[in-house]
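In: Just to be clear, the model below is a prediction. Sequence and coordinates:
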Amino acid sequence: MTADALLSRLVGVRPTGHDRWIARCPAHDDRRASLSVRELDDGRVLVHDFAGCAVQDVLAAVGLDFDALFPERAIDHSAKRERKPFRVGELVRALDFELAIALILLGDVAAGRLIADEDRQRAGEARTRVVKFLGELRHAA
């Protein structure tokens with residue numbers, strides 16, 4: 001299931017962020033939205049009622065059970081799982097970190113310092129990651 005299956009059965013749904021919503025809880029007389037719903041990258045759906053209703057009561061009120069909060073398992077376990085794209089903000093933070101490492105190492109090279117084998121390997125890893133992140137950013141645009 002995706003969060004949409006649950007959200008479509010709720011009243012007063014409003015987004016509060018990426019893959020996050022708030023709605024009126026169907027398990028009690030909710031005048032203000034107290035039910036938080038979040039879909040994780042792996043497809044699991046988290047549900048929390050700030051008024052204190054149990055998840056099982058919320059699900060029962062809309063005709064669902066706990067299985068609805070988890071993605072269906074693929075029959076072919078050797079098949080690759082679908083990967084959601086990275087969020088641009090996550091990519092920028094990761095790219096910033098890897099570029100900081102590269103700049104430190106370039107500073108050492110510019111100052112004529114010897115580069116340890118461990119630092120040389122980390123520089124290669126940073127290069128690989130920067131190339132990957134830039135490719136992801138090109139696809140995100």
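Out: The structure has been received and is ready for your questions. Predicted model, so just to flag it, every value in this text is computed and none were measured.
In: contact partners of the longest strand seen in the chain?
Out: As assigned by DSSP state E, the longest strand anywhere in the chain is strand 11-17. With Cβ atoms under 8 Å, 6 or more residues apart in numbering as the test, strand 11-17 has contacts from 7, 21, 22, 23, 24, 26, 33, 36. C-beta here means a position set from N, CA and C on the backbone, and glycine is covered the same way.
In: pretty sure the fifth one is touching residue 49, no?
Out: No: with contacts counted by Cβ atoms under 8 Å, residue 24 stays clear of residue 49, the gap being 10.0 Å.
In: Now for the two: what residues contact both?
Out: By Cβ under 8 Å, 6+ apart, the residues touching both residue 24 and residue 49 are 34, 35.
In: about what we covered before: return the member of the contacts of strand 11-17 nearest to residue 119.
Out: Of all these, residue 36 has the smallest distance to residue 119: 44.6 Å, by Cβ to Cβ.
In: For that closest one, report the pLDDT, please.
Out: Residue 36 is assigned a predicted lDDT (pLDDT) of 95.
In: First-to-last residue distance for stretch 102-119?
Out: 10 Å (Cα to Cα, to the nearest Å).
In: And it, what's buried?
Out: Applying a neighbour-count criterion of 16 or more other Cβ atoms under 10 Å, one finds 102, 105 buried in stretch 102-119.
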